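> generate a structure from the sequence data that follows.
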Amino acid sequence: MTLFVILIILSAALLHAVWNAIVKIAADRTTMLGLVAFGHVLPATVMVMVLPLPSAESFIYILLSTVVHFGYYFMLGKAYQHGDLSVVYPIARGIVPALVSLWAMVLVGEVLPLQAWGGIALIAFGIQLSSWKELRSGVGRSALGFAVGTGFCISIYSVVDGIGVRLSGNTLSYWAWGAFLHLFIAGFVGVKKRSSLKYIPAKVWMTGILGGLVSMTAYGLVLYAKNFAPLGAVSALRETSVIFAALIGFIFLKEGNWIRRLGAAALMAIGVALIGLAV
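Okay, here's the model as predicted:
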């Protein structure tokens, strides 16, 4: 994997951490997630009007990805009902790289070398270490189940989009249509929260839409990288967003233990290096 592709994925991870921090500090996370989804729709509407259509065979993957994203938002919302962000998030994201690598091996025949698997293991452990104290305090059965379900959904749409974007013939078009179909997610949240929409301050609207633009950019970078690198490796590098989020939490939100989180960052950096040298 070239340094350029690694930097693209790490940039996406940082952007992903930024929009997750926006959701984390929101008073109403469901509403904020809906606004983030709406933030995808606004630029995507213009893009689908001016870009050529992606290949017909890729549209089934765009639709399937949208359905799985519904499951992802449902699982994530339920997980947060039963467990704290600092417990749910590392479990959900920590299992993704290994699952994506397994699905990619089964579905598209991408077999990673042992060194890359070692890097994935270090990244997964670093994710858990970043919230070690919270995880040791115990995880309820419901929170654990929904967190694992969230990770499962992430792994599925990661592989679906990895295959779909390679078939699309146009990464920008695939990205635009995937973002545009967030219209259904935003619409679902809008209907659910319709009684309170008129009371949302303009600042919250702008923050949510900005979060959506950041999220859309982050996933566009990931989709681009999936054209040039194995899906499992891309997923593992993308999950470094967890440590970026932890560092943002420590620096700006005054959360957590800096020694533990710095150690987690070091482990994940070694994991990134192992993957970069192996594939």
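> only C-alpha atoms for contact and neighbour calcs from this point on.
Will do.
> so where's the chain uncertain?
83-87, 130-139, 246, 249-250, 253-258, 261, 279 (pLDDT under 70).
> how about the helices of it, start to end?
Assigned by DSSP state H, the helices in the chain fall at 3-24, 29-50, 56-82, 85-94, 96-108, 114-129, 132-136, 141-168, 171-180, 182-192, 202-225, 231-238, 241-252, 258-278.
> mind putting the ones you listed in TSV, mean neighbour count included?
Putting those into TSV (neighbours: other CA atoms under 10 Å) gives the following:
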stretch	mean neighbour count
helix 3-24	20
helix 29-50	21
helix 56-82	18
helix 85-94	23
helix 96-108	20
helix 114-129	23
helix 132-136	15
helix 141-168	22
helix 171-180	24
helix 182-192	18
helix 202-225	21
helix 231-238	28
helix 241-252	20
helix 258-278	19
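> contacts only, for the closest residue to residue 113 other than its chain neighbours.
Among residues not flanking residue 113 along the chain, residue 278 sits closest, at 6.7 Å (CA to CA, 6 or more residues apart in numbering). By CA atoms under 8 Å, 6 or more residues apart in numbering, the contact set of residue 278 is 1, 113, 115-116.
> got the contact list for stretch 30-49?
In contact with stretch 30-49 (CA under 8 Å, 6+ apart) are residues 23, 26, 77, 173, 176-177, 179-183, 185-187, 189-190, 193, 204-205, 208-213, 215-216.
> next one: stretch 144-163
61-62, 64-65, 68-69, 71-73, 75-76, 78-79, 88-89, 91-97, 99-100, 103-104, 223, 226-227, 231, 235.
> same check, this time on stretch 59-69
The contact list for stretch 59-69 (CA under 8 Å, 6+ apart) reads 153-154, 156-157, 160-161, 163-164, 174, 177-178, 181-182.
> could those go into TSV alongside distance to residue 125?
Listed next are the contacts of stretch 59-69 as TSV, based on distance: CA to CA, whole Å:
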residue	distance to residue 125
153	20
154	18
156	21
157	23
160	25
161	25
163	27
164	30
174	33
177	34
178	31
181	34
182	32
